[in-house]
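>>> pasting a predicted model and its sequence here:
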Amino acid sequence: MKNLKALGLIVAALILGLAAAAYATGWVSRQPGVASSKVVVAAVDIEPGTKINQEMLSTLDWPASAMPPGAFTDIKELQDRVPRFGVVRGEPLLERKLAPQGTLGGLSAVIAEGKRAITVRVNEVVGVAGFALPGNYVDVMVNAQQDQGSGAQPKPISKTVLERVLVLAVAQEAARDDTKPKVVSAVTLEVSLEDAEKLDLARSVGTLSLVLRNQVDKQPVTTSGVTKNELFGDKQAAAAPVAAARPHRVSAPAAAPAPKRACVEVTQHGASTLSCF
């Protein structure tokens, strides 16, 4: 008897399951189809400055209503194009991430319009222990002797001369997806022409240091630098005010008071005389 009840429940569950599946299939078939389109995506990771060929690309169905602006639908359109930024596998290729048509591969294709690339020599300390990687932003600080003029002794000063400078490459590598620190001897930075002049002068008058900053921190900070006296908290003595030169009149010394004299009045034969000595 118990077996018959269990069997009945199993049969009922199967019937309900089949009915639900049939209903779901019918509901899906009645829904309008989602329009899709082919989008060209990266079949492998593509480094910035690398010429693209068809073997690096593939196509993927993409909802037409969510098509990324500047996406490509034909692989042939991307032949020999050069990406300015790294593209990971499965990511759509977008026009804004590519260098202009006809651009040759290499680091020059990565430089933004109106910018320049300049390389500075670094060591393990200056290069932020190798953590300044391509795609990071750094501040550039110079330590030099500040001329005081008028024959005064120059004083050492450290000052930030450039802020939020993009690191294009470390040594000869421009890959931006590596998170491991690399101790290198040179770092290539992307700067404006004016900042390139500042950087060239700064490295000729002192030693440079790179200061790694947050990727999303765009707030500029203006400082006057720090000197040795300020570093150690020495208070400079206030200069005594210098009075304007005026003619000094020398007064004659006061005459010494005349000494007191003793006087004696002498009366003789009815006549009085006064004798002082």
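Perfect, I can see it now.
>>> name the single longest strand found in this protein.
What stands out as the longest strand in the chain, according to DSSP state E, is strand 155-170.
>>> how about low-confidence regions in the protein?
Residue ranges of the chain with pLDDT under 70: 1-2, 28-34, 125, 174-180, 235-277.
>>> hmm, 50 instead?
For the chain, the stretches with pLDDT under 50 are 237-248, 250.
>>> contacting residues for the residue nearest the centre of it?
In the chain, the C-alpha nearest the mean C-alpha coordinate belongs to residue 164, at 2.2 Å (CA atoms, centre = their mean). Residues in contact with residue 164, defined by CB atoms under 8 Å, 6 or more residues apart in numbering, are 137, 139, 213, 217, 218, 220. Glycine gets a C-beta too; all of them are placed from N, C-alpha and C.
>>> give me the distance between the third one and residue 132.
Taking CB to CB, to the nearest Å as the measure, residue 213 falls 10 Å from residue 132.
>>> which of the two has more neighbours?
More neighbours surround residue 132 than the other of residue 213 and residue 132, with 24 against 17 (other CB atoms under 10 Å).
>>> pretty sure that one sits against residue 170.
Yes - with contact defined as CB atoms under 8 Å, residue 132 reaches residue 170; the gap is 6.9 Å.
>>> what residues are shared contacts of these two?
Shared contacts of residue 132 and residue 170 (CB under 8 Å, 6+ apart): residue 187.
>>> would you list every one of the strands in the protein?
Using DSSP E, strands in the chain cover 36-42, 57-63, 116-121, 137-146, 155-170, 186-191, 206-213, 226-227, 263-268, 271-276.
>>> looking at those strands, which is buried most?
strand 186-191 (a mean of 21; mean count of other CB atoms under 10 Å).
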